[in-house]
Every structure is written in structure tokens, then in C-alpha cells.
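**Q** the amino acid sequence is not available; the structure is as follows:
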């Protein structure tokens, strides 16, 4: 097991199926603010569904196709970051994040996502890392901007959620642009 120190009592660690109870408690605290942006927030509503969400990412990691990490602040799970997709052959990954309200404003997401992007470029040799978000999720697009990503375009009505189709912004940074 490993842990990356994010400073000020925060740590980045793998988030795995055996932590489903802790994950569910966290989702219960975060659901109202996370659900509009991340589908599995509302789908992780009991212990079995929370475990299934974590197992899906464990399976993706085993296939080298995605990864999931939690952010702990003073020992409490408060958010996370992920590779929603990871394609080493094509050299492309998509990163994402979520955070419960009690942990906002501390720079945790920026620090954690930087760890993922740096690993993707420096260790795995990827060429491109993307960030997808809805245009009305200003917090998310602000993170992409702070990470030095460029807005490349908007996919119109590409994201169906709860009976409504939403636009998706695509942000990206290339390895050659990454300061590390």
C-alpha cells in the first residue's frame, strides 16, 4: 500500500472495494454536490452498490484501463481522483475528480490531479491527458484551467443524465506542454 502526501494532513491513496463502507459514508456526505456531475454518485447508494462502483474501477485497473484514488484529510475520505479511461496503446487518458463540501478550498484536487497527470506522462509515457466536464460545472473547468489544460471544444448534448442531454467540454494537456 502506498500513500502520497498532499500536505496539510491530506493523502492520496488507492480506493478499493474493501473500503466500500467508508466510500458509502463519504458518498452520503458528498452526494448532493457530486451527483449532478458524476453518475456513480447516485448509483452508490447502499453498501452493495458502493462496493460495485469500487469493483468496477478495480477491474479497470487490472485491465490497465482506469484507476481510482481517494483523498483522505486527517484520516477521513473526503474525495478522489480517477482515470475514467486510460489507453496506454493510444497514449491517452481522461482524469476526473470529486470532493465533498467540507474539503473544498484547500487545493486538494489540484494537488491530487497533478500527481495523476505527472505519473501518466513521466512513468507511463502517455502523450495526452483529457478532462471532460459539463460547461455549467465551473468548478471543474476552473481546475482544468489551473492545471494548464486548453479547452479544445464542446460536444453538444453528448452526456445523457437523468433524462436530459448535456454538453461536454473537452480540455486537454499534452506531455510536451506539461511542466511537471
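**A** Yes, it's here. Remember, predicted model here, so these are calculated numbers, not experimental data. Numbers count the residues shown, from 1 in each chain.

**Q** after the host helix or strand of residue 57 comes which helix or strand?
**A** Using DSSP states H and E, the element containing residue 57 is helix 47-62. Using DSSP H and E, the helix or strand that follows helix 47-62 towards the C-terminus is strand 67-73.

**Q** what's the nearest residue to residue 128 if we skip its chain neighbours?
**A** residue 92 (4.8 Å; CB to CB, 6 or more residues apart in numbering). From N, CA and C alone the C-beta is placed, and that goes for glycine too.

**Q** residues touching the one you found, list them.
**A** 85, 126-130 (CB atoms under 8 Å, 6 or more residues apart in numbering).

**Q** show me what the helix holding residue 57 is packed up against.
**A** helix 20-34, helix 40-43, strand 67-73, strand 76-87 (3 or more CB pairs under 8 Å, 6 or more residues apart in numbering; DSSP states H and E).

**Q** between these, which one is closest to residue 179.
**A** strand 76-87 (18.6 Å; CB to CB).

**Q** now tell me which helix or strand of this protein has the poorest mean pLDDT.
**A** Here the helix or strand of the chain ranked lowest by mean pLDDT, DSSP states H and E is helix 40-43, holding a mean of 81.

**Q** would you mark the buried spots in it?
**A** 40-41 (16 or more other CB atoms under 10 Å).

**Q** now swap in stretch 147-166 and tell me
**A** 147, 149, 159, 166.
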